[in-house]
Structure formats: C-alpha cells, structure tokens
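**Q** The sequence isn't on hand, but the structure is:
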C-alpha cells in the first residue's frame, strides 16, 4: 500500500487526502519520519479535509517523547493500545518507556509484539538488541538482532551508533571500532561517540 500511495502522492502533491493516506500507510509500517513528513504536509495543505483530526492526533503522538516527558504513563499508553492494538507508534512508545523504567521483560514483550507488526523496523530491532545487550544480559542475541537492524538500515546513523556500542559489549572490538569510526565522520560527532570510539580503538 505504501508503494502505491507514494506514487499517488507524488502525482497529487496539492491533495491533502493523498498525503494523509501516505502518511498513515507509513505510520502503520513504523516509518516514523516518513509518516510525520506526509501528515504535516497534509495539514499544511488544508486543516479541514476528512482525516485531518486523525492526522493531528497521530502527529501529537509522534511528537511525544517518553525520555523527557512524564505526560504519558504506561497506563496511558496501554489504554491507547487497548483501543488500537496494532498501532506501531504506541507500541514503540510503550516499549521505550518500559525499558527506561527498568521493566526489561515487559519492554522485550512489547518490542517483540511490535516486530510482529513491523518485522522490518530497524528502530525496533536495534532497541531490542540494546535491551538484550544491557538489562537482559544476552550479548549473542543482541548481536543477532543488531546485525538484522544494520542490514535493514545500513545508512541510519542511530542504528550504526547503537550497533557499535552493542558490538563492543559483545567483545567484537574491531567491528565496533569500524562502525564507530564511520559514525564519527559525520559533522560535529558527539563527545560520547568519540569516547566509545576511543575505547574500541584502545581495545584493539
């Protein structure tokens, strides 16, 4: 559906409903950035097309950030999920919040449920990999998942960054150094990335 709607939206660039439907297709695939772009485009074209209210609701959810906001609790997200059990964004938010709160097994279940809906979600795979590398203490499983994420999104900085950390934790120091060096080529690399790279280089 997303492939067909991409073609349609490219032809109907001034049609808000076409942009909305593309945004929703990407939303349900778990492609957050593409979904947000299309939904914002739809609302910029019109504030009153059929689906405008849903577009606003989905954008509000996409904008929520569980790492620095207490506006949503696990109970709030669970309630949203009960209403729409196949919403990948709600599942991602729930899993992230559970992981942040230390509920590793609950987070794992949520990420695995998300991957049943969106098996090609590199973001979900790398988050689950990080959970296995950390709280769940399973570096072998972490590397398996991280490799899948890297294959799906070889040019994604966030995926590469976490892959480097996971590889280091798994004792794959040369691999970690190679990937982290790649990340460090980006403009203004963060200091914690450079620190991780230094550790990996030191280790080899």
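**A** Alright, I've got the coordinates. These figures come from a predicted structure and were not determined experimentally.
**Q** where's residue 182, which helix or strand?
**A** Using DSSP states H and E, residue 182 maps to helix 173-184.
**Q** Show me what counts as buried in that helix.
**A** By 16 or more other CB atoms under 10 Å, the buried positions in helix 173-184 come out as 173, 175-177, 179-180, 182-184. In short, each C-beta sits where N, CA and C put it, glycine included.
**Q** between the residues you listed, which is closest to residue 100?
**A** Distances from residue 100 to the buried residues of helix 173-184, taken as CB to CB, are shortest for residue 183 (23.0 Å).
**Q** does that closest one really touch residue 156, like I thought?
**A** No. Contact criterion CB atoms under 8 Å: residue 183 and residue 156 do not qualify, at 10.5 Å.
**Q** can you list residues touching both of those two?
**A** With CB atoms under 8 Å, 6 or more residues apart in numbering applied, the contact sets of residue 183 and residue 156 do not overlap.
**Q** for the chain, where's the lowest mean pLDDT among helices and strands?
**A** helix 2-11 (a mean of 69; mean pLDDT, DSSP states H and E).
**Q** Give me the neighbour count for the closest residue to residue 122 other than its chain neighbours.
**A** Leaving aside its sequence neighbours, residue 122 sits nearest to residue 153 (CB to CB, 6 or more residues apart in numbering; 3.7 Å). Number of residues near residue 153 (other CB atoms under 10 Å) recorded here: 19.
**Q** Please, which helix or strand holds the residue nearest to the spatial centre of the chain?
**A** Closest residue to the average C-alpha location of the chain: residue 123 at 3.5 Å, with CA atoms, centre = their mean. Per DSSP H and E: residue 123 is located in helix 122-133.
**Q** I'd like the next helix or strand past that helix.
**A** Using DSSP H and E, the helix or strand that follows helix 122-133 towards the C-terminus is helix 139-152.
**Q** Near the closest residue to residue 104 other than its chain neighbours, how many other residues are there?
**A** Excluding the flanking residues, the one nearest residue 104 by CB to CB, 6+ apart is residue 135, at 3.7 Å. Other residues within reach of residue 135, judged by other CB under 10 Å, total 15.
**Q** Go ahead and confirm residue 123 touches residue 32.
**A** Yes. Residue 123 lies in contact with residue 32 (CB under 8 Å); the separation is 7.4 Å.
**Q** Residue 117 and residue 180, how far apart?
**A** 31 Å (CB to CB, to the nearest Å).
**Q** swap that for residue 100, please
**A** As judged by CB to CB, residue 100 and residue 180 stand 24 Å apart.
**Q** which stretches of this structure have low pLDDT?
**A** Residues of the chain meeting the criterion pLDDT under 70: 1-3, 5, 9, 11, 30, 64-72.
**Q** so where do the helices sit in it?
**A** Here the chain has its helices, by DSSP state H, at 2-11, 16-29, 32-45, 52-63, 74-83, 88-100, 104-117, 122-133, 139-152, 157-169, 173-184, 191-203.
**Q** Determine the set of other helices and strands touching the second one.
**A** Based on contacts counted as 3 or more CB pairs under 8 Å, 6 or more residues apart in numbering; DSSP states H and E, the elements that helix 16-29 packs against are helix 2-11, helix 32-45, helix 52-63, helix 88-100.
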